[in-house]
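Q: My questions are about this predicted structure, shown below with the sequence.
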Amino acid sequence: MTILALDGVTAGYGTTTVLRDVSLSVGTGQIVAVLGANGAGKSTLLRTAAGTVVPSAGRVRLDGADATRHPPYRRARRGLCLIPEGRGIFRGLTVEENLRLQIPRGASLGEAVERAVAVFPALRERLKTTAGTLSGGQQQMVALARACVTDPKVLLIDEVSMGLAPIVVDEIFAALRGIAATGVAMVLVEQYVGRALEFADTAVLLRKGRVSYEGPSAELDERVVLRDYLGVG
Ligand code: ATP
């Protein structure tokens, strides 16, 4: 079942158009990787889905309803969660306090903590640690754990591997796979093309704000993507 869809979206900032006629859809438990060169519009696509950028044309559908004009908090209530580049955690607060801020109405801190450490067991010992003092990988885990606490239907994840050691990235991708296996849909923006193709079911390639390819990621070769679609390498 389709959870999130962009239909013919044109969007940008002020008079600058970044995305042109972009369509994309992601279903329950499905992982879509959005690939593109710097400035292609990947982050803008995620922001348009999340509602911080409002399209000038086209529609955004979330869980069967038109959300094009819905503000970000309404989309969040319907199960959409954006994990921005730079992680968006509160570095001055402890891990537990970061989780507490995400707790949905009616849920307890205990439940939130259990949900988070089920996905990232390493966080259990660090609940009282100030988030800003954690390693980059652990901070990324906090960001993802906060998202899990909200019981999301779709995660929009911007550059999850940015600045992390390959072994930590492996750990995070394994956790994401586990989250997807519970039925959560994911739209993943990623610089590491090879890793993203391996991880995702579907790849969407953006070139100068337009979709230049959409299809099964297994049919794409990393070198071909870099050369023919993204114009690099
Ligand atoms: P990167 O990998 O460099 O983050 P990207 O594919 O995510 O690139 P975007 O961040 O979506 O690309 O940026 C697309 C274009 O929009 C760029 O030309 C960028 O300068 C511009 N842009 C991004 N954010 C803003 C903003 N807040 N205000 C104005 N222009 C912006």
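A: Structure's in. What do you need? Residues are numbered from 1 along each chain as shown.
Q: So residue 224, which state does it fall into?
A: helix (DSSP: H, G, I helix; E, B strand; the rest coil).
Q: Quick check: the gap between the residue nearest to the spatial centre of the chain and the ligand.
A: By C-alpha atoms, centre = their mean, the chain has its centre lying nearest to residue 157, at 1.7 Å. Separation of residue 157 from the ligand (C-beta to the nearest ligand atom, to the nearest Å): 12 Å. No exception for glycine: its C-beta is placed from N, CA and C like everyone else's.
Q: Assign a three-state SS to that residue, would you?
A: The three-state label given to residue 157 by three-state DSSP is strand.
Q: Now do the contacts for it.
A: Residue 157 makes contact with 83, 144, 176, 186, 187, 188, 189, according to C-beta atoms under 8 Å, 6 or more residues apart in numbering.
Q: what about 6 Å?
A: Going by C-beta atoms under 6 Å, 6 or more residues apart in numbering, residue 157 touches 83, 188.
Q: Enumerate the beta-bridge partners assigned to it.
A: residue 83, residue 188 (DSSP bridges).
Q: Run through the chain and note the low-pLDDT ranges.
A: Scanning the chain with the threshold set as pLDDT under 70 gives 228-233.
Q: Any residues of it in contact with the ligand? List them.
A: 13, 16, 18, 36, 38, 39, 40, 41, 42, 43, 44 (C-beta under 6 Å from any ligand atom).
Q: now the strands: where do they sit in this structure?
A: Per DSSP state E, the chain carries strands over the ranges 2-13, 16-27, 31-36, 57-62, 65-66, 80-83, 154-158, 185-189, 202-207, 210-216.
Q: List buried residues within the residues of the chain next to the ligand.
A: Neighbour counting by 16 or more other C-beta atoms under 10 Å classes 18, 36, 40, 41, 42, 43, 44 among the residues of the chain next to the ligand as buried.
Q: Redo the residues you listed as CSV? Include distance to residue 26.
A: CSV is the format used below for those (distance: C-beta to C-beta, whole Å):
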residue, distance to residue 26
18, 20
36, 17
40, 19
41, 17
42, 15
43, 17
44, 17
